[in-house]
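Novice: below are the sequence and a predicted model; questions follow.
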Amino acid sequence: MVCASVAEAQVLPITLTKVRDLNFGFCDSVPGTKYTVAAADLPGAAACTGAYSGRYLVQGDANARITIDVDKNVTITNGTDTLTVKPDADPLQGNIRLDGNGQLTIYVGGEVTIPNPGGVTSYGLFSGTSVLTVDYK
C-alpha cells in the first residue's frame with residue numbers, strides 16, 4: 001500500500017491598513033453646494049483646499065480575488081451640525097485581485113452636500129466613522 005499526503009494550502013489572513021483618512025479640506029458653507037473628493041490619488045482630485053482621498057493598503061494571498069465594501073452613508077459632525085457623506089472606493093468594480101506580492105491600494109473618496117436651506121451654522125472640524133470591509137472572494 002502506498003500512502004500519499006496532500007498538504008493543505010495555507011491561506012494568509014487578509015489585512016487592511018489605513019495609510020490616511022479621507023479629508024474634505026476647508027470648504028465654504030454655501031447651502032446646496034456639493035463637494036466631492038475623488039477616490040483616486042490624483043493632484044487636483046479634490047474640490048476644497050487641503051482635501052485628499054483616504055488611502056488603505058490590503059495585504060493577503062498573492063493574486064487572490066477579493067471583495068470591497070464601504071458604507072453607503074456616513075454621518076459626520078462638529079458637535080453642533082451634522083452632514084452626510086456618501087463614500088466611494090476605487091476599485092469597486094470588476095475582477096479585483098491582489099497583485100503578485102499580495103497587495104492592493106484602495107482609495108476612498110466621497111461626496112458631501114451642504115444642506116439647503118440653512119447651510120452649516122457653526123464652523124469647525126467635522127469627523128465621523130466609516131466601515132471599509134475587504135474579504136476573499
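Specialist: Yep, that arrived.

Novice: which sections of the protein are below the confidence cut-off?
Specialist: By pLDDT under 70, the low-scoring segments of the chain are 1-9, 42-47, 91-94.

Novice: show me the helices in it, by range?
Specialist: Per DSSP state H, the chain carries no helices over any range.

Novice: longest strand anywhere in it?
Specialist: Across the chain, the longest stretch assigned as strand under DSSP state E is strand 103-113.

Novice: and that strand, C-alpha only, in CSV?
Specialist: Output of strand 103-113 as CSV, limited to C-alpha atoms (Å, rounded to 0.1, in the frame of the first residue of the first chain):
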residue,chain,number,x,y,z
GLN,A,103,-1.1,43.8,-2.1
LEU,A,104,-3.6,46.4,-3.4
THR,A,105,-4.1,50.1,-2.6
ILE,A,106,-7.6,51.3,-2.2
TYR,A,107,-8.5,55.0,-2.4
VAL,A,108,-11.7,56.2,-0.7
GLY,A,109,-13.4,59.4,-1.8
GLY,A,110,-16.8,60.8,-1.1
GLU,A,111,-19.4,63.4,-1.7
VAL,A,112,-21.0,65.8,0.8
THR,A,113,-23.7,68.4,0.2
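
Novice: packing partners for that strand?
Specialist: The contact analysis (3 or more Cβ pairs under 8 Å, 6 or more residues apart in numbering; DSSP states H and E) places strand 103-113 against strand 34-37, strand 54-59, strand 66-70, strand 82-90, strand 132-136. C-beta coordinates here come from the backbone N, C-alpha and C atoms, glycine included.

Novice: and those as a markdown table, adding distance to residue 15 and mean neighbour count?
Specialist: What follows is the helices and strands packed on strand 103-113, written out as a markdown table (distance: least, Cβ to Cβ, whole Å; neighbours: other Cβ atoms under 10 Å):
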| stretch | distance to residue 15 | mean neighbour count |
| --- | --- | --- |
| strand 34-37 | 25 | 18 |
| strand 54-59 | 5 | 18 |
| strand 66-70 | 12 | 17 |
| strand 82-90 | 17 | 18 |
| strand 132-136 | 9 | 15 |
